[in-house]
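Participant: need a structure here:
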Amino acid sequence: MTSVLSGDARPDSGRSPLPPSMIERVTLIMDLFENPRTRRTLEQIARSTRLPRSTTYRIIEQLVRLQWLDRGPNGYRLGPRALGLGGREFEHSALRAAAAPVLHELAVRTGLVIHLAVLDGAEVYYLDKMGGPAAVEVPSRVGGRAPAHCTALGKAMLAWLPPEDVDALYRDGLPRRTPRSIGDVGVLHRQLVHIRSVSGLTFERGECVPHIGCAGVALRTPDGPVGALSAVCDVRTPMRRLAPVLAAAARAVLRELSDGPAATRCGQTPFCSDTDVVAEEHGGAHR
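Facilitator: Residues are numbered from 1 along each chain as shown. Presented below is the predicted three-dimensional model:
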């Protein structure tokens, strides 16, 4: 990485001397990202570190390439490599805390098993599961994983990734869990387009487990999906009725993430029966 420094060793007129080593310069940049939610633009980073803009840009681009940082529509944020050092656990804990009262209310109101999950590569990673005695009949567990393209949770999140990122995840193909699982990336892309057209709610019937159906919706921020919620039911259950409560529950979780504990308290209804998301059911691999 020291080749990045060529031509920048001497300080600009009126500037403080630049840190002499690349490690110090990288540290100045990384120190600006206090937690996984922090976003910084190139201009903010250059101004805060007092590094030349061109130097800052070259260092950041290498950090993005090496996955220490991610580039998003609102600036840069910590990347997978940095989050793997403990930031991911912080982010997951914050999401679980924000979602817990909403998941509980959703399970009580629907009588269904409710999941909270995040996308981890081509898999969903389950952060929470609620649903009382019925939960033992659903073969998922907190800390477990499932193929994203076979689950309502996963497809709800994949829908908001750039298509080229989806292609990269499935360059080696799509493994089938059941005869109804999607096995072709073209079919998957068509479903993801449909999911976006109905504001993000998706359904699956027997694609991951033969007798189980799910309705899912992503928890979406300007930087992309940070997680997803799903309601699990028998594969024969009509799921259209779940659209309003799932959509409202997703908004409640995002509100809690943004506003803190005052937005949702136990004993208060954290979401209402909005009706702005009603999706056509789809889920078979033939669609």
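Participant: Nearest residue to residue 73 in space, please, no chain neighbours.
Facilitator: Nearest non-adjacent residue to residue 73, counting by C-beta to C-beta, 6 or more residues apart in numbering: residue 222, 6.0 Å away. (Glycine included, C-beta is placed from N, CA and C.)
Participant: Give me the residue ranges of the protein where confidence is low.
Facilitator: 1-20, 84-90, 132-136, 259-287 (pLDDT under 70).
Participant: could you show me where the helices are in it, in order?
Facilitator: Secondary structure of the chain (DSSP state H): helices at 22-30, 42-49, 53-65, 80-82, 88-110, 152-158, 163-169, 185-197, 242-259.
Participant: okay, those helices, which one's buried deepest?
Facilitator: helix 152-158 (a mean of 30; mean count of other C-beta atoms under 10 Å).
Participant: and that one, what other elements does it pack with?
Facilitator: Counting contacts by 3 or more C-beta pairs under 8 Å, 6 or more residues apart in numbering; DSSP states H and E, helix 152-158 packs against strand 113-120, strand 123-130, helix 185-197, strand 201-205, strand 212-221, strand 224-234.
Participant: So which of these is nearest residue 80?
Facilitator: strand 113-120 (9.3 Å; C-beta to C-beta).
Participant: which residues does the residue nearest to residue 73 contact?
Facilitator: Remark: with contacts taken as C-beta atoms under 8 Å, 6 or more residues apart in numbering, residue 222 is in contact with 72-74.
Participant: 10 Å - rerun?
Facilitator: Going by C-beta atoms under 10 Å, 6 or more residues apart in numbering, residue 222 touches 39, 72-74.
Participant: I'd guessed residue 119 sits against residue 149; true?
Facilitator: No: Residue 119 lies out of contact with residue 149 (C-beta atoms under 10 Å); the separation is 11.0 Å.
Participant: give me phi/psi at the residue nearest to residue 73?
Facilitator: phi -60, psi -20 (degrees, to the nearest 10).
Participant: gap between it and residue 181?
Facilitator: 31 Å (C-beta to C-beta, to the nearest Å).
Participant: who has more neighbours, residue 119 and residue 149?
Facilitator: Each of residue 119 and residue 149 has its neighbours counted (other C-beta atoms under 10 Å); residue 149 has more, 30 against 23.
Participant: I figured the more buried one was touching residue 180, is that so?
Facilitator: No: assessed by C-beta under 10 Å, residue 149 is found out of contact with residue 180, at 11.8 Å.
Participant: thinking again about what came up before, look up the residues that both of residue 119 and residue 149 are in contact with.
Facilitator: In contact with both residue 119 and residue 149: 158, 169, using C-beta under 10 Å, 6+ apart.
Participant: with the contacts of residue 222 in mind, which one is nearest to residue 124?
Facilitator: Using C-beta to C-beta, the contacts of residue 222 come closest to residue 124 at residue 72, 20.9 Å.
Participant: Check the chain and tell me which residue is nearest its centre.
Facilitator: Compute the mean C-alpha point of the chain, and by C-alpha atoms, centre = their mean the closest residue is residue 226, 2.7 Å away.
Participant: So the closest residue to that residue other than its chain neighbours versus residue 251, what's the distance?
Facilitator: Nearest residue to residue 226, sequence neighbours excluded (C-beta to C-beta, 6+ apart): residue 219, at 5.2 Å. Plainly put, residue 219 is 9 Å away from residue 251 if you go by C-beta to C-beta.
Participant: on that earlier part again, any idea which of the helices and strands packed on helix 152-158 gets closest to residue 65?
Facilitator: strand 224-234 (19.1 Å).
Participant: Tell me who's in contact with residue 128.
Facilitator: 92, 95-96, 99-100, 103-104, 114-117, 142, 227, 229.
Participant: Looking at the helices of the chain, spot the one closest to residue 209.
Facilitator: Taking these one by one with C-beta to C-beta, helix 152-158 is closest: 11.8 Å.
Participant: Verify the stated contact: residue 232 with residue 129.
Facilitator: Yes: look at residue 232 against residue 129 with C-beta under 10 Å: they come within range, at 9.0 Å.
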